[in-house]
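[1] model the following, please.
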Amino acid sequence: RTGDIELEEPLSSHDWQNMGAATATTAEPESKNLRTFTEEEVSRHTTPGDCWVILHDKVYNVTEYLERHPGGKSVLLRVAGRDASEEFEKFEHSGSARKIAEKYLIGKVCKVEGKGSTNEAENERPVSENVRELVILYGSQKGTGEHLAGNLLKVVNQSGQGVRARMVSMSAFDPEDLPKIPDVIMICSTYEGGLPPVKARFFHKWLSDSVNDFRVDKMMLKATRAAVFGLGNSEYGENFNKAAKDLDKSLRSLGAEMFFPLDKASDGGIEKSFRPWSEKVLKYFIDRKTLRQETAELPAASGLVDMEDLGTVMRKAKDEDVNNEDRKKEMLTPALRKNLSKQGYKLIGSHSGVKLCRWTKAMLRGRGGCYKHTFYGIQSYQCMETTPSLACANKCVFCWRHHTNPVGRDWKWAMDDPKLIIEGAISKHQQMIKTMRGVPGVKPERFKEAFNVRHCALSLVGEPIMYPKINEFLKLLHERKISSFLVTNAQFPDPIKNLDPCTQLYVSIDAATKDTLKAVDRPLFNDFWERFIASLTALKSKQFTRSVYRLTLVKQWNMQDVSAYCKLLAIGLPLLIEIKAVTFCGDSKASNLTIKNTPYHTEVCSFGEEICSTFAKMYPEVDRTYKLACEHEHSNCILIADTRLFVEGKWHTWIDYPKFHSLYKEWLESKKEFTAFDYMAETPPWAVYGAREKGFDPVETRVRKRGKQARINRAKRSEQKVEDGSTNDTRKEKI
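    Sure, this is the predicted structure:
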């Protein structure tokens, strides 16, 4: 309802903008007269009596608007003192809302040198009467589109060919001005589900509304010449570059003259595709005689400008071998190598990597091991975290790598030899161990033993089971007496079926229903759910291997339907179930998770107890029961185990590693079968669920954070334990 009038149909973007035009009381201030603020200055204004926010590099004092905000003042107070552009665009605010906001505009954010200041200077250069103006609009989720737009801006403005460009985010551009622009280039990425980036959605919706609104002149862009360049990933099939395709279609439908057909690039090939396209753009503006001619077939120009200005990424792309069509491309492009190396990954060959785990460093100093030490008895300082495939078939919302690794649905890259990967991984791991020499607290005996790798966690990043030679890779590990913990995202059922024995095989269960799995994992496969179920079925058949379901709990995402998880549990009937709270790894443009999405350890424990009790009620006929066996409070993680591992009153979740290697050797030589129960070992009392140590090895030294807040938190926990009574005893009775 609007007043006393009930609207039969939802208002379009044009309706809202027309209403806004009629109600707006102030004109947009001249940006030249705006005061400049730093982000630190803005961050001081976060109270109901003094509330500022940043929207697209502009500063607004919304104190007077708090009580009038349709969503309530709490909405604005949650984003006070910081950049709220993404939250603002998520709700696709109308043109009316955007014009009302101008009433509270007080300044702009000062650009930090090296982060856009060059592009801003290029934008502010005046345009003379004899110079053609080019507007570069970009829609970017993770910054790639903005980066390419900035490169093009620089090249065009430095070409000296009678054209002046300016770049504008689609979120900051008023689409009503589009018919006034003679030449426009749009660079847009496609986000999950074929949608445009959050900050570009209003612009996209305005264009699509214009096409479908009978009141809009279908030749409104007849004086506009445009070109669209799309960024996406070809692995998403029908959604590949969908946002750019929709833009191109809308522009054509509104009468725009496309001086180039839609050009699309996929992850791993964006840089190589963008360079010749940029040259064609320059060619178009340099040659005035061809302004009204179709130039789709123009060859890529050479020698027109110094393309070194496109930046380091473009320079590296020139050196790649693009003439040999028979040669498979490498998984790791120069840009990916640079990005992953910056994050601390040591890269091996063309598709593998290794990284030193923080628990390896902690246990070297006697400060405790990871949850795998508590649950399974590995020595964390002798564990190597690696992968033979950095590529993955999902883009999970909780990915702590922030989606900087490649994606793929099958192996399409050049392939390295397994021996090269293992030798390279061990060598680079040992080099990283060397850097711990002289670090305060490092135990000499552990430092010496750390060079002898005894465990390999194939869970670093990507999908290890995608590697076509994974069985040969495992064989080489086991020949070196290195145990293997292999993690898969349940999208490759056939490789699971064909997998040779490994020490422990994990399947990630990130959600319990099809819709939730799609939202959380954002898989590439259209038949992701069928693959998921088939992977669980395949896991059930792996009798030689300890099978594990791995659940990552994300509050408000995948903790709702316990009965649905139990249905999945009945399909695979794993030996073990690891349940871990999601680790918040900071803000990421690829995900909107916050620390509020991380459940407390008590919540994880309650979830695990509910899984056990619900499964028993739902499947009383199944000869399988589960109980909580271990916990590692420090990692916010618990272990549920098949009660067949509870032998003579004691849990046996630990692994007899020498026995496993002996059994594997016999299987290799004579195909003698064995089971997970043949190499189980007793779990020590301190690692058992409900123990006073909460999974922390008593021979280690617990190092707690110093400071007042840490002491307060510990005091609160102690008070809670007193109020709850004998918590440990109660939990032991449940076991």
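[2] which outside residues touch stretch 693-707?
    The contact list for stretch 693-707 (Cβ atoms under 8 Å, 6 or more residues apart in numbering) reads 363, 366-369, 371, 373-374, 630-635, 686-687, 710, 714. Where you see a C-beta, it was placed from the backbone N, CA and C, and this is true even at glycine.
[3] tell me where the stretch 401-550 of the chain has helices.
    Assigned helices in the stretch 401-550 of the chain, in chain order: 418-434, 444-449, 470-479, 493-497, 514-521, 528-540 (criterion: DSSP state H, counting those that start in this stretch).
[4] where among these is average confidence lowest?
    Mean pLDDT per stretch puts helix 514-521 lowest among these, at a mean of 84.
[5] against which helices or strands is that helix packed?
    On a contact count with 3 or more Cβ pairs under 8 Å, 6 or more residues apart in numbering; DSSP states H and E, helix 514-521 meets helix 528-540.
[6] can you check what angle separates the helix it packs on from helix 514-521?
    For helix 528-540 against helix 514-521, the angle by axes from the mean of the first three to the mean of the last three Cα atoms, to 10 degrees is 90 degrees.
[7] could you give me the buried positions within helix 528-540?
    528, 531-536, 538-539 (16 or more other Cβ atoms under 10 Å).
[8] contacting residues around Leu517?
    Remark: with contacts taken as Cβ under 8 Å, 6+ apart, Leu517 is in contact with 510-511, 523, 528-529, 532.
[9] which two in these are spaced the farthest apart?
    Asp510 and Trp529 (12.3 Å; Cβ to Cβ).
[10] what is the neighbour count of the nearest residue to Cys612 once chain neighbours are set aside?
    Spatially, and ignoring its direct neighbours in sequence, Cys612 is nearest to Tyr626 (4.9 Å; Cβ to Cβ, 6 or more residues apart in numbering). Neighbour count of Tyr626, defined by other Cβ atoms under 10 Å: 22.
[11] which residues does Tyr626 bridge with?
    With DSSP bridges applied, Tyr626 shows beta-bridge pairing to Asp642.
[12] follow-up on the earlier one: quick one: buried ones out of the contacts of stretch 693-707?
    Buried among those (16+ other Cβ under 10 Å): 363, 366, 368-369, 371, 373-374, 630-635, 686-687.
[13] restricted to helices, list these.
    Among the buried ones among the contacts of stretch 693-707, the subset assigned to helices under DSSP state H consists of 363, 371, 373-374.
[14] so Lys329 sits right up against Met415, yeah?
    No - counting by Cβ atoms under 8 Å, Lys329 does not reach Met415; the two are 11.6 Å apart.
[15] the two: which has the busier surroundings?
    Neighbour count, other Cβ under 10 Å: between Lys329 and Met415, Met415 has more, with 18 against 15.
[16] report how many residues lie close to the nearest residue to the more buried one once chain neighbours are set aside.
    Counting by Cβ to Cβ, 6+ apart, Met415 lies nearest to Pro468, which is 6.5 Å off, once chain neighbours are set aside. Neighbours of Pro468 under the rule other Cβ under 10 Å: 15.
[17] could you pull up the mean pLDDT of stretch 157-174?
    81.
[18] give the buried residues for that stretch.
    157, 159, 161, 163-171, 173.
[19] touching, the residue nearest to Met415 and Lys412? I think so.
    No - counting by Cβ under 8 Å, Pro468 stays clear of Lys412, with 10.9 Å between them.
[20] got any ranges where the stretch 51-200 of the chain has weak pLDDT?
    90-95, 111-131, 160-161 (pLDDT under 70).
[21] mind listing the strands for it?
    58-61, 105-109, 132-139, 163-169, 183-189 (DSSP state E, counting those that start in this stretch).
[22] cool, the stretch 451-600 of the chain as well?
    Going by DSSP E, counting those that start in this stretch, the stretch 451-600 of the chain shows strands at 455-458, 483-488, 504-508, 546-553, 576-581.
[23] want to throw these into a markdown table with distance to Asp263, mean pLDDT and mean neighbour count?
    Converted to a markdown table, the strands of the stretch 451-600 of the chain look like this (distance: least, Cβ to Cβ, whole Å; pLDDT from 0 to 100; neighbours: other Cβ atoms under 10 Å):
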| stretch | distance to Asp263 | mean pLDDT | mean neighbour count |
| --- | --- | --- | --- |
| strand 455-458 | 38 | 95 | 25 |
| strand 483-488 | 36 | 95 | 23 |
| strand 504-508 | 36 | 94 | 24 |
| strand 546-553 | 38 | 93 | 23 |
| strand 576-581 | 43 | 95 | 23 |
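[24] now render these as a markdown table, adding distance to Lys99.
    As requested, those are exported to a markdown table (distance: least, Cβ to Cβ, whole Å):
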| stretch | distance to Lys99 |
| --- | --- |
| strand 455-458 | 54 |
| strand 483-488 | 51 |
| strand 504-508 | 47 |
| strand 546-553 | 43 |
| strand 576-581 | 43 |
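[25] which of those strands sits closest to Glu89?
    strand 546-553 (28.0 Å).
[26] tally of neighbours for the residue nearest to Ala256 when sequence neighbours are not counted?
    In space, and not counting its chain neighbours, Ala256 is closest to Leu221: 4.0 Å by Cβ to Cβ, 6+ apart. Neighbour count of Leu221, defined by other Cβ under 10 Å: 23.
[27] Ser210 now?
    Ser210, neighbours per other Cβ under 10 Å, totals 22.
[28] beta partners for Leu505?
    For Leu505, the beta-bridge partners are Leu486, Ser547 (DSSP bridges).
[29] so it sits against Tyr549, correct?
    No - Leu505 is not in contact with Tyr549 according to Cβ under 8 Å; the separation is 10.5 Å.
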